[in-house]
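[1] no FASTA, just this:
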Ligand SMILES: Nc1nc2c(ncn2[C@@H]2O[C@H](COP(=O)(O)OP(=O)(O)OP(=O)(O)O)[C@@H](O)[C@H]2O)c(=O)[nH]1
């Protein structure tokens, strides 16, 4: 059987509840948008394989719940990720201000991260 991918990247989406993490992921993997907000419970993931210079890259993206009550669970995924997207809602200043709180949570999990800002 042909190899399905050459490299695997595990990425994580974190940010306040309702900022659009699940929507971002659905758009990327399935090119879909759902206007309803069904809060993620704990964590969920989707995968997509893309080809870059002839290399099959499988991207496994973990979508985490933004709600405080799930943070004990979601924080356990920080260490396993090779990259973390910090997501905020551009129409919510509060969600942007909370980004520093998310960054410190990631720091607490002893990960050195560098990230570009994308709006
Ligand atoms: N107008 C607009 N609405 C969006 C956009 N992205 C997401 N939404 C809406 O924002 C709401 C929340 O989106 P979700 O993707 O479920 O949010 P989330 O960050 O995954 O939320 P939790 O699972 O609770 O952490 C939904 O009603 C979406 O339809 C966007 O780019 N534009």
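    That came through, no problem. Here the structure is a predicted model, which is why all the values come from computation and not from measurement.
[2] Tell me where this structure has helices.
    All helices of the chain, identified by DSSP state H, fall at 21-30, 71-74, 93-97, 99-108.
[3] out of these, nearest to residue 45?
    Among those, helix 21-30 comes nearest to residue 45, with 8.5 Å by CB to CB. The C-beta positions use only the backbone N, C-alpha and C, and glycine is treated the same way.
[4] Run through the residues of the chain sitting next to the ligand.
    For the chain, the contact set with the ligand under CB under 6 Å from any ligand atom comprises 17-23, 35-37, 39-40, 65-67.
[5] now with 8 Å?
    When proximity is defined by CB under 8 Å from any ligand atom, the chain lies next to the ligand at 13, 15-26, 33-40, 63-67, 87, 89, 91.
[6] Next, format the helices of the chain as CSV and append mean pLDDT.
    Formatted as CSV, the helices of the chain follow (pLDDT from 0 to 100):
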stretch, mean pLDDT
helix 21-30, 97
helix 71-74, 92
helix 93-97, 98
helix 99-108, 94
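[7] Need the winner for burial among those helices.
    For these, the largest average neighbour count (mean count of other CB atoms under 10 Å) is found in helix 21-30, namely a mean of 17.
[8] picking up where we left off before, in a markdown table: the helices of the chain, plus distance to residue 4.
    Formatted as a markdown table, these follow (distance: least, CB to CB, whole Å):
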| stretch | distance to residue 4 |
| --- | --- |
| helix 21-30 | 16 |
| helix 71-74 | 28 |
| helix 93-97 | 36 |
| helix 99-108 | 30 |
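[9] between these, which one is nearest to residue 52?
    Of all the helices of the chain, helix 21-30 comes closest under CB to CB, at 15.1 Å.
[10] Please list the residues outside that closest one that contact it.
    13-15, 32-34, 38, 40, 44, 46-48, 61, 63-64, 66, 85, 87 (CB atoms under 8 Å, 6 or more residues apart in numbering).
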